[in-house]
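Chemist: Here is a sequence together with a model predicted from it:
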Amino acid sequence: MSALLPLLVAAPAVTGFAGYFAREIRGQQPRPAATPTTPPPGRPRIEYFDVAELTSTDAKGYIRPVERYEVQPWGVYLARTVDRPRGRYEESWLLPGPAVRATIKHDRPGDHRSHDYVLDIVEFVQVGPKRWKATDYFLDIAVRRGRSATLRGAAELLAAHAAGHVDTATADRAFERAAAALDGLAANDHDVEQWLRSREITLTWM
């Protein structure tokens with residue numbers, strides 16, 4: 001990649017945040033496939049959100065009900081039940097400015113996650129009067145409020161780029177957005193809402 005690959009090669013010698021970020025990515029790169037059962041690189045995940053119909057549609061065409069939408073100048077809020085072994089309900093804010101989807105997942109009694117928020121790195125655009133499209137480029141940040149922010153998914157994005165599913169400019173942009181989010185979180189005590197308030201974005205939850 002024009003901006004990323006030179007940084008990855010030089011990672012051991014690069015200092016400061018750039019070097020730390022590059023070493024994190026470099027350390028997560030996929031190893032050569034050991035068996036033919038290794039899953040192939042994926043494509044970016046696309047989801048559509050229809051406010052008028054109270055639905056969302058994923059990349060496979062599955063339509064799921066959404067209990068509530070709220071549209072604000074800075075983004076779109078949604079809340080819905082989920083049919084997963086651990087989860088029972090989730091809330092998300094889709095925020096085009098910082099290019100993140102901020103999610104809180106409410107687990108079933110007895111289940112506890114190691115993080116408070118997940119920030120997916122996405123491109124979020126309005127494609128109709130009450131319809132939005134989100135493209136997820138594999139990267140996310142698991143945030144423990146007041147404690148840490150951990151980047152995940154770098155290996156998947158690099159593999160998708162190598163397979164031709166994501167072009168260089170898009171991959172670089174995704175990493176740059178992740179770096180900006182990590183910078184913002186570090187400057188705000190790893191508090192998602194404090195960071196977003198500094199960008200004049202106010203989140204409300206149920």
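Modeler: Right, received. Where do you want to start?

Chemist: residues touching residue 97, list them.
Modeler: Residue 97 sits next to 74, 75, 199, 201 when contact means Cβ atoms under 8 Å, 6 or more residues apart in numbering. For every residue, glycine as well, the C-beta is placed using N, CA and C.

Chemist: Give me the three-state assignment for the nearest residue to the first one once chain neighbours are set aside.
Modeler: It refers to residue 74. In space, and not counting its chain neighbours, residue 74 is closest to residue 201: 4.5 Å by Cβ to Cβ, 6 or more residues apart in numbering. Three-state assignment for residue 201 (DSSP: H, G, I helix; E, B strand; the rest coil): coil.

Chemist: Contacts only, for residue 201.
Modeler: Here residue 201 is in contact with 74, 75, 95, 97, 98 (Cβ under 8 Å, 6+ apart).

Chemist: ok, back up a step: so which of the contacts of residue 97 is the most crowded?
Modeler: Most neighbours among the contacts of residue 97, by other Cβ atoms under 10 Å: residue 75, with 22 neighbours.

Chemist: Wait, that residue touches residue 122, no?
Modeler: No - between residue 75 and residue 122 there is no contact, the gap being 10.8 Å when judged by Cβ atoms under 8 Å.

Chemist: shared neighbours of those two, anything?
Modeler: Each of residue 94 lies in contact with both residue 75 and residue 122 under the rule Cβ under 8 Å, 6+ apart.

Chemist: Using neighbour counts, pick out the buried residues of the top helix by length along the chain.
Modeler: The longest helix of the chain (DSSP state H) is helix 168-186. Judged by neighbour count using 16 or more other Cβ atoms under 10 Å, the buried positions of helix 168-186 are 170-175, 177-179, 181-182, 184-185.

Chemist: Tell me which residues touch the residue positioned nearest the centre of the chain, please.
Modeler: For the chain, the residue whose C-alpha lies nearest the mean C-alpha position (Cα atoms, centre = their mean) is residue 120; its distance is 1.1 Å. Contact analysis of residue 120 by Cβ under 8 Å, 6+ apart lists 100, 101, 103, 136, 139, 140.

Chemist: Which of the three states applies to it?
Modeler: The three-state label given to residue 120 by three-state DSSP is strand.

Chemist: pLDDT score for it?
Modeler: If you check residue 120, the pLDDT there is 96.

Chemist: which regions of the protein sit below the pLDDT cut-off?
Modeler: Low-confidence segments of the chain (pLDDT under 70): 1-39, 84-87, 107-115.

Chemist: Apply 80 and report the result again.
Modeler: 1-41, 82-88, 106-115 (pLDDT under 80).

Chemist: biggest strand in this protein, by residue count?
Modeler: Counting residues, the longest strand found in the chain (DSSP state E) is strand 131-144.
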